[in-house]
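Chemist: got a predicted structure here, sequence first:
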Amino acid sequence: MMKLRIFTFITLVVFSFGITGCATVPEEHKGATTGAAVGAATGAIAGAMLGKSGAKTETAIIGGLLGALVGGAIGHYTYDVKRTRQETEQKYDYQAAQGTMVRIEGASAEPAMFNRGEKTELAVTYAILGASPDAEFDVTETREIRLGEELVGKPEVNVRRKGGTYTSRIPLVLPADAKRGTYKVLVTVQTANSKDSRETTFMVH
């Protein structure tokens, strides 16, 4: 009876994600795990069930894995504060007259070389500043994953940020039958008034 109940619950969750294509999950500061669910990608159930409750804000990973990456999984979104607003202003010699500034400092896949069925983390470090010290920004982080000219994934995260420098990560688990080759990842971070992009790659053996 217990096995039947568990199976029924999982079936309902899968059905729900299949319809919506995304899920809303909590976000916490300082590298805390943020639950994330992605439409067609496996791992959607784990993402939804492992998200922590009680957070002040919410976010979701929208989009899934396509083509060569179908059957893989997108894991929990996490981020860390790398520099405060004041430290970021000093680094960039920022002046209020510049308006909203978004600057990607680096994007990477860690590790950048791995085997099919293994995991990498798509990381991006970026600075964001605005004229008001108390300003908050609606930020969209997009990671377009391509194999050759084929778009094989496009996880997107919508978050709210104060001024500062952040490093965020999305774990990506490739399916065991993923195509070998060099995958390109175009990372874009944008607000209503500013954006920046950076490309990185990873190689699958």
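Modeler: It's in.

Chemist: nearest spatial neighbour of the residue nearest to the spatial centre of the chain, chain-adjacent residues omitted?
Modeler: Geometric centre of the chain, nearest residue: I170, 4.3 Å, by CA atoms, centre = their mean. Of all residues not flanking I170 in the chain, L122 sits nearest, at 4.9 Å (CB to CB, 6 or more residues apart in numbering). (C-beta placed from N, C-alpha, C; glycine too.)

Chemist: what pLDDT is listed against that neighbour?
Modeler: As predicted, L122 sits at a pLDDT of 97.

Chemist: which helix or which strand is home to it?
Modeler: strand 119-129 (DSSP states H and E).

Chemist: who does that strand pair up with?
Modeler: With DSSP bridges as the test, strand 119-129 is paired with strand 101-110 (antiparallel), strand 164-173 (antiparallel).

Chemist: so how far is whichever helix or strand comes after the first one from its chain's centroid?
Modeler: Translated: strand 101-110. Downstream of strand 101-110, the next assigned helix or strand under DSSP H and E is strand 113-114. Averaging C-alpha positions (CA atoms, centre = their mean, to the nearest Å) puts strand 113-114 20 Å from its chain's average.

Chemist: got it, and stretch 124-143?
Modeler: In terms of CA atoms, centre = their mean, the centre of stretch 124-143 is found 15 Å from the chain centre.
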